[in-house]
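1. dropping a prediction and its sequence here:
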Amino acid sequence: MLKNPVIAFLKLIRVENLFIIAITQVCMKYFVFSPLNDFLSLTPTLFAVLVTSTILIAAAGYIINDYFDVKTDKINRPDTVVIDVMIKRRWAMVLHIVLNLLGLGLGLYLAIKCHCLQLVTFQMSSILLLWFYSTHFKKQLIVGNIVVSLLSATIPVMPMVYDYFLTPEISPLQMMLFGNFINLLIIIVLGYSGFAFLTSYAREVIKDMEDYKGDVQTGGKTMPIVWGMITSKVVVFFVLLITIGMLLLACIKFYKEQLHITIYYIIMLVIIPLIVLIILIIKANNSRDFKMASLLLKGIMLTGILFTLIIKFLYD
């Protein structure tokens, strides 16, 4: 059981996941787009506001998820339950509201600075989707998995979108000089968005398999419950296979450009771990096995993000 209130709070807001979110946006801005930052207008201060807003809303989402999932968590992982044990339910709700308001306020500030109020829909839609995910979608077939995956896919794209609305129109000369390069960087960011969607979707299904026991007892309708464990494993297998296929296509592209270091990195630190993950999923038969697979996939997601260090090295 968690006894330290600080550790309990950090556990509640999933501090390690918030770190990955922040690292993702930092890598997109300062590693992928670093050669163009002199021409872009999302300053370090405004970028810090964007990252902070994203983290606050994500933290609020984790809190409300645990708020509505206490009964299931007491079955699946009783030793790590925070709400009703270390933090009272009403204070959890207060934290959820305060963090969302702060995140939404920062998002509104950014939208005003960008002269595009529509940008605040990033924050508003995230808050609403995370609420409905916790209250309705999480224990439904497929819907909850897709919602989380879509939210994950927006994280790498956000810095690029804000830079687009903040930066003055690029001159024809600059477009002639950098047009193809800009298109390449956009493709890289969109590739990361696709990677985030697929790996997040696979991880959500794995977590559903991990939480099977508690979800059954609390009336969940997740994929392992409705379609069974074997079908869920097959779905994860094909999602990871598609991910590996995308990565191999990227390797072929890098091979044609004779960027061999990128191929070594992708194969050794992303593709091979994904193959190991597939083997683990096939052999998994209890909650502990699925938890190990989930942790491995989180590590793969992090090594995928850190590939941006190689991109910065190559294109700076």
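-> Arrived safely, thanks for sending.
2. wait, isn't V239 in contact with A202?
-> Yes: using Cβ atoms under 8 Å, V239 is in contact with A202, at 4.6 Å. The way it works is simple: take the backbone N, C-alpha and C, and place the C-beta from them, glycine included.
3. and these two? Which one has more around it.
-> A202 (29 against 20; other Cβ atoms under 10 Å).
4. please give me every residue in contact with the more buried one.
-> 236, 239-240, 243, 297 (Cβ atoms under 8 Å, 6 or more residues apart in numbering).
5. roughly how far does it sit from L12?
-> Distance, A202 to L12, using Cβ to Cβ, to the nearest Å: 25 Å.
6. before we move on, what about F237?
-> Relative to L12, F237 is positioned 32 Å away (Cβ to Cβ).
7. so these two - more neighbours on which side?
-> More crowded of F237 and L12, by other Cβ under 10 Å: L12, with 23 against 15.
8. just the pLDDT at that one, thanks.
-> On pLDDT, L12 comes in at 93.
9. and the strands in the stretch 51-200 of the chain, which stretches?
-> Applying DSSP state E, counting those that start in this stretch to the stretch 51-200 of the chain gives no strands.
10. just give me the neighbour total for the nearest residue to V235 once chain neighbours are set aside.
-> In this structure, V235 finds its nearest non-sequential neighbour in V205, 5.9 Å apart by Cβ to Cβ, 6 or more residues apart in numbering. Counted with other Cβ under 10 Å, the neighbours of V205 add up to 24.
11. contacting residues for V205?
-> 145, 223-224, 232, 235-236, 239.
12. now it: how far from L12?
-> 24 Å.
13. where does the chain have low pLDDT?
-> 1-2, 35, 37-39, 168-181, 315-316 (pLDDT under 70).
14. longest helix in it, by residue count?
-> helix 172-210 (DSSP state H).
15. what does the helix or strand just after it contact?
-> Using DSSP states H and E, the helix or strand that follows helix 172-210 in sequence is helix 212-217. Here helix 212-217 makes contact (Cβ under 8 Å, 6+ apart) with 71-76, 139, 208, 220, 222, 224-225, 229, 287.
16. let's see it at 7 Å
-> 72, 75-76, 139, 208, 222, 224-225, 287 (Cβ atoms under 7 Å, 6 or more residues apart in numbering).
17. the residues you listed, buried ones only, as a ChimeraX selection?
-> Selection of buried members from the contacts of helix 212-217 for ChimeraX, criterion 16 or more other Cβ atoms under 10 Å:
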select :72,76,139,208,222,224,225,287
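18. among the contacts of helix 212-217, which are located in helices?
-> Those of the contacts of helix 212-217 lying in helices (DSSP H): 72, 75-76, 208, 224-225, 287.
19. as JSON lines, the residues you listed with distance to I266 would be great.
-> Shown next, in JSON lines, are the ones in helices among the contacts of helix 212-217 (distance: Cβ to Cβ, whole Å):
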{"residue": "T72", "distance to I266": "37"}
{"residue": "I75", "distance to I266": "39"}
{"residue": "N76", "distance to I266": "34"}
{"residue": "D208", "distance to I266": "28"}
{"residue": "P224", "distance to I266": "30"}
{"residue": "I225", "distance to I266": "35"}
{"residue": "S287", "distance to I266": "31"}
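20. with respect to L99, which of the residues you listed is nearest?
-> T72 (22.4 Å; Cβ to Cβ).
21. residues touching that closest one, list them.
-> 211, 214-215, 218.
22. among those, who's most crowded?
-> D211 (26 neighbours).
23. quickly note the distance from that one to E257.
-> Counting by Cβ to Cβ - D211 and E257 are separated by 43 Å.
24. kindly report the same for R77.
-> R77 is 46 Å from E257, by Cβ to Cβ.
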